[in-house]
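A.B. asks: Let's see this in three dimensions:
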Amino acid sequence: MKLLLDTCTFLWMVGREEQLSPSAREALEDGDNTLFLSQISSWEIQIKFQQGKLRLTDTPEKIIEEGLRLHGIHYETLADDTIWHLGKLPAHHKDPFDRLLIASALCQGMKMVTPDPEIAKYPVPIIW
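C.D. replies: As a prediction, the model looks like this:
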């Protein structure tokens, strides 16, 4: 199964694993699942880090590169199809990063690993 990590899920995987739910942890550790981090999350992490809204132990670039390598996570770049899919989503959620992640998961046929109840309002399969 292809799993798209929400930004917070990725950050918890690499630094605060105790925040992960048992179901999320099980899915993330299942070797039959393929894990993906979207370029959208990299963008979100960088912006929030620069704004002082996100504290990290190192630069976003190093945290992301190390997390991808250590956890065998694939990096998903932002595709035009994802951008155009935004026009098909209802306006349940105002967060542009989350909306892009939802569109990406839907376009790529992925389940999202997220605790966000707002994301659950969309027709995207959720694991948490």
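A.B. asks: Tell me which stretches of this structure form helices.
C.D. replies: According to DSSP state H, the chain carries its helices in the segments 7-15, 22-29, 39-50, 60-71, 80-85, 96-108.
A.B. asks: Nearest to residue 125 among those helices would be which one?
C.D. replies: helix 96-108 (7.9 Å; CB to CB). No exception for glycine: its C-beta is placed from N, CA and C like everyone else's.
A.B. asks: neighbouring contacts of that closest one?
C.D. replies: For helix 96-108, contacts defined as CB atoms under 8 Å, 6 or more residues apart in numbering pick out 2, 4, 6-7, 36, 38, 40-41, 43-44, 76, 78-79, 81-83, 85-86, 88-89, 93, 110-112, 116, 118-119, 122-125.
A.B. asks: 6 Å - rerun?
C.D. replies: With CB atoms under 6 Å, 6 or more residues apart in numbering as the test, helix 96-108 has contacts from 4, 38, 40, 44, 81-82, 85-86, 93, 112, 119, 122, 124.
A.B. asks: go on, stretch 39-55?
C.D. replies: 7, 10, 56, 60, 64, 77-78, 97, 100-101.
A.B. asks: now, which of these sits nearest residue 22?
C.D. replies: residue 10 (18.0 Å).
A.B. asks: What about the nearest residue to that closest one once chain neighbours are set aside, how many residues nearby?
C.D. replies: In this structure, residue 10 finds its nearest non-sequential neighbour in residue 37, 5.3 Å apart by CB to CB, 6 or more residues apart in numbering. Residues within reach of residue 37, counting by other CB atoms under 10 Å, total 23.
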